[in-house]
Structures are given as structure tokens and as C-alpha cells.
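Generate coordinates for the sequence data below:
(one chain, ligands or ions: 1)
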Amino acid sequence: MQIPLIDLKKQYEIIKNDANQNVLEILSAANYIMGENVKQFEKEMCRYLGSKNAISVGNGTDALVIALKALGIGQGDEVITSPFTFFATAESISAVGATPVFVDVRLNTFNIDPSKIEEKITSKTKAIMPVHIFGQPADMDEIMAIAKKHNLYVIEDACQAIGAEYKGKKVGTIGDIACFSFFPTKNLGCAGDGGMIVTNNENFATICKALRTHGSGVDGKKAYNLLNNIDENMEEDNCIDNTIYNPFKYYNYIIGHNSRLDEIQAAILRVKLKELDKWNDLRREHVKFYNENLKDTKFITPFEERNVKHVYHMYILQSERRADVVSYLKEKGIATGIYYPVPLHLQKAYKGLGYELGDMPNAEYLSERTFAIPVYPELSKEQREYIVNSLVDYK
Ligand SMILES: *Cc1c(COP(=O)(O)O)cnc(C)c1O
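All right, here's what the predicted structure looks like:
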């Protein structure tokens, strides 16, 4: 039996009819940028998450970069984050000219350890960027309390955790601003790249909207006024909405980006968003089956915090003999993934930050032991039984 780590073809079969129809409609209408689907998808995401503003962008990394800029974070600033995450988390901080400051993770949740944050706060620290890694919410109460005490922003990297909940609240609605990715393999993925920023703060939302389209248009003007403390009444009547036909299109107020979600991607995401809760629940069912059947093996199964809904973007096992287990599973036709083989403080790209082996013992320990097995929603009963039996048989 061959089992991939993620099966996007199976997922496509589920949404095929609606997705195909929507995409064909967009192709014949030929309105590709910032059209009705983008607008509606942003509204639907606000409703789904319980957030006031959703600003779609080109990918999750851009979402992080634009969110950081909207908070005014840049050269000379420090942002505290996790070393056990995808590179883009820290890369976004570096991309705005700020410095990522790593704080080790908890061994059981793989999320940033709140008890180690305060010792890393300096006069340069502007924000904390927790990552809800593999779909498990970080310790947001503790993080928010530290942020409040030290007057810091909190930027949630929720790229792996759409639909996850912390004490009944959807992740992405707890910090000052949050970012999602719609990379195809994420729990909600499009047919290419896509991302989103969500925030309850109207001013941050305005600046994000301006930044995604070259700082132009009505939002550009509003963002300029906000950033320069200009209290000027907008002459809204001669500006229609912020589309490509916007009369303000060639009036640029701040330096921005070109980072938008395509109309076609938005249309596909609208179809998939309707299935998301069901898909996340299916992941959780697989997890229950795995946990029960693997509890008497040598593999360490994932820890789930009380008071959270973990959405298992990845199901992570730990083994002292990872290389051997992974090649054994490969022989059995079962794909695995290693997340993450190099913690960020030890990446070559961050050599200049001066970290050494031993600085983040938990992240380093995990990076040598963790591996992911398939947990995608469409996994069949036979497939997951085969996976469990193969792991139980491993000697
Ligand atoms: C996927 C991911 C990103 C980046 O998203 P892209 O859409 O690939 O740019 C950022 N942070 C984390 C934790 C991710 O998993």
C-alpha cells in the first residue's frame, strides 16, 4: 500500500464540481484581481473566525511581513519567537529589518515556553510572535499577560492552525494581529499560494490593505493619514471601492507590496472553507485512533493541551531511532515528513545572530526525534490501520 503524507488529489475530488464551476465562471468573466470572490471570502473568514477584519494577501510569509510593517516594526527592533517552526516565521521578522530573538519551546507542546520569554525582553523588543505549531494553540493567556505587562504587540503565526481553538476562541483572534497561509498542504489550502491577515484593529487593517497594493488608493491615503497623524476627512464620494478600477490607483501614499490573493484562489478557498470544520474533525478522529493504538509502543505520541482544539496540521511522533523508523515506513509505502530537522537558531542563514548548539535544548532535542505520519482528512480506515499495524510491528 502506498500512502502519501498528504493527498491533495483526493481532496480535489470532494470539491471538484463546485471548484470547477467557480473557476470557469471567473475565467469567462475575466475579472481576476480583487473581485467579488476575494471580497466574499474575506467576509466569510471574518465570520468563521469571529474577527472584524480579514485582509487576503499573496501568501503566508507576506501576511507576516505586512502585519509586522502595519505594527510599525522594523530596523533596530526585536521580535521574540520560536526556533521550532517553518523558516518563514523568523524570515518575516528579518525581512522588515528587525531581529528575531528565539525562546526555546516546551518539550510536550512544541510551542514557545512562556516562562522563558521575559528574560529575553530588552528595550528593543516590540512584539512576541507565537506560532501555533502543527495546529496546537500556543499558551496565549500567559503570552498576552507578558505582552501587556511589557507593552508589546502579539502577532499570531496561525499558518498551521486554521480552525484551532484556545479556550473556546479561534486562534488568530487573540493577539493584536494574526496570519494564515493557504499553501496547498495547509489545513485550508488553495491551488497555489495564498495568505491572510486578520485583526480587530481598524487602523492596522487599513495599513495592511494599503500595503498589499503599493500603498495606493483610498486605503493608501487613509494609511498615510494614520501613519502621519493627519486628521483629515476623506472625500469618499469620488472614490469607489478599492479595485483595479480605483481612481486612486496611481496615487501612491506609502511604500508597499504587490501581494494579493487571486480571484481564482479565493473562489476555491470559499468552497473549501465550508468543509474545513469537517476536515479538521476527521483529522482529530485519526489522531484518536493513532493515540489509542500506539500507546503501548516505544513511539511518543503527541500531547494535547487541555482547553484547546488542536487541528493536527501534522501528527508528530518521536523516536530515538528516527532515521531507521522513517526508512522502515518508506519500505512499507508510508510517507513521512521531518518537521523540523534544523531549529531556526542553527540555520546557516542565521549564523550572524551568534547562536550555538545548546542554546535551545528542547528545540534541538525535538529536531532530532520528530517525524510526521499521514493524518490528512481523506485517509481511509484501511490506510490508517495499515499505518498503525506497520508501526506496531516495528522492532
Ligand atoms: C506555511 C507557514 C508559513 C508561510 O506560509 P507561506 O504561505 O508558505 O508563505 C509561515 N509560518 C508557518 C508556521 C507556516 O507553517
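
What would stretch 122-142 look like as PDB? C-alpha coordinates only.
Only the C-alpha atoms of stretch 122-142 are listed here, as PDB (Å, rounded to 0.1, in the frame of the first residue of the first chain):
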ATOM      1  CA  THR A 122      15.000  44.200  26.100                       C
ATOM      2  CA  SER A 123      14.400  47.900  25.400                       C
ATOM      3  CA  LYS A 124      14.300  46.900  21.700                       C
ATOM      4  CA  THR A 125      11.600  44.300  22.000                       C
ATOM      5  CA  LYS A 126       8.500  45.300  20.200                       C
ATOM      6  CA  ALA A 127       6.500  42.100  19.800                       C
ATOM      7  CA  ILE A 128       6.100  38.400  20.500                       C
ATOM      8  CA  MET A 129       5.300  36.100  17.600                       C
ATOM      9  CA  PRO A 130       3.900  32.800  18.900                       C
ATOM     10  CA  VAL A 131       3.400  30.000  16.400                       C
ATOM     11  CA  HIS A 132       0.600  27.600  16.900                       C
ATOM     12  CA  ILE A 133       2.800  24.800  15.700                       C
ATOM     13  CA  PHE A 134       1.300  21.700  14.000                       C
ATOM     14  CA  GLY A 135      -2.100  23.100  14.800                       C
ATOM     15  CA  GLN A 136      -1.900  23.300  18.600                       C
ATOM     16  CA  PRO A 137      -2.600  26.700  20.100                       C
ATOM     17  CA  ALA A 138       0.300  28.300  22.000                       C
ATOM     18  CA  ASP A 139      -0.200  29.400  25.600                       C
ATOM     19  CA  MET A 140      -2.000  32.600  24.700                       C
ATOM     20  CA  ASP A 141      -3.100  33.700  28.200                       C
ATOM     21  CA  GLU A 142       0.400  33.700  29.500                       C
END
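
Any idea how far apart the tips of stretch 41-59 sit?
Start and end residues of stretch 41-59 are separated by 15 Å (Cα to Cα, to the nearest Å).

ok but Arg384 is inside a helix, no?
Yes - counting by DSSP: H, G, I helix; E, B strand; the rest coil, Arg384 falls inside a helix.

Determine the number of other residues adjacent to it.
By other Cβ atoms under 10 Å, the residues close to Arg384 number 19. C-betas here are computed from N, CA, C, even on glycine.

Can you list the helices and strands that the longest helix seen in the chain packs against?
The longest helix of the chain (DSSP state H) is helix 8-29. Contacts defined by 3 or more Cβ pairs under 8 Å, 6 or more residues apart in numbering; DSSP states H and E place helix 8-29 against helix 263-273.

Spell out which parts of the stretch 151-300 of the chain neighbour the ligand.
Counting by Cβ under 6 Å from any ligand atom, the stretch 151-300 of the chain comes close to the ligand at 157, 159-160, 181, 183, 193, 195.

which residue is nearest the middle of this structure?
Geometric centre of the chain, nearest residue: Cys159, 0.7 Å, by Cα atoms, centre = their mean.

In this structure that residue contacts Phe182, no?
No - using Cβ atoms under 8 Å, Cys159 is not in contact with Phe182, being 9.1 Å away.

so what sits against both of the two?
Both Cys159 and Phe182 are contacted by 60, 195, under the criterion Cβ atoms under 8 Å, 6 or more residues apart in numbering.

Which residue, neighbours along the chain excluded, lies closest to Glu165?
Nearest non-adjacent residue to Glu165, counting by Cβ to Cβ, 6 or more residues apart in numbering: Lys309, 3.9 Å away.

What residues does that neighbour make contact with?
Contact analysis of Lys309 by Cβ under 8 Å, 6+ apart lists 137, 163-165, 280, 284.

what's the pLDDT at it?
pLDDT for Lys309: 98.

about what we covered before: let's see which of the residues of the stretch 151-300 of the chain next to the ligand end up in strands.
By the criterion of DSSP state E, membership of those in strands covers 157, 181, 195.

for the residues you listed, which one is nearest the ligand?
Ser181 (3.3 Å; Cβ to the nearest ligand atom).

Go ahead and confirm that closest one touches Leu64.
No - with contact defined as Cβ under 8 Å, Ser181 does not count as touching Leu64 (9.0 Å).

Nearest spatial neighbour of Asp113, chain-adjacent residues omitted?
Of all residues not flanking Asp113 in the chain, Arg106 sits nearest, at 4.8 Å (Cβ to Cβ, 6+ apart).

hang on, the earlier thing: would you point out the most distant pair within the residues of the stretch 151-300 of the chain next to the ligand?
Maximum pairwise distance in these, criterion Cβ to Cβ, is 16.4 Å, between Asp157 and Asp193.

All set, thanks.
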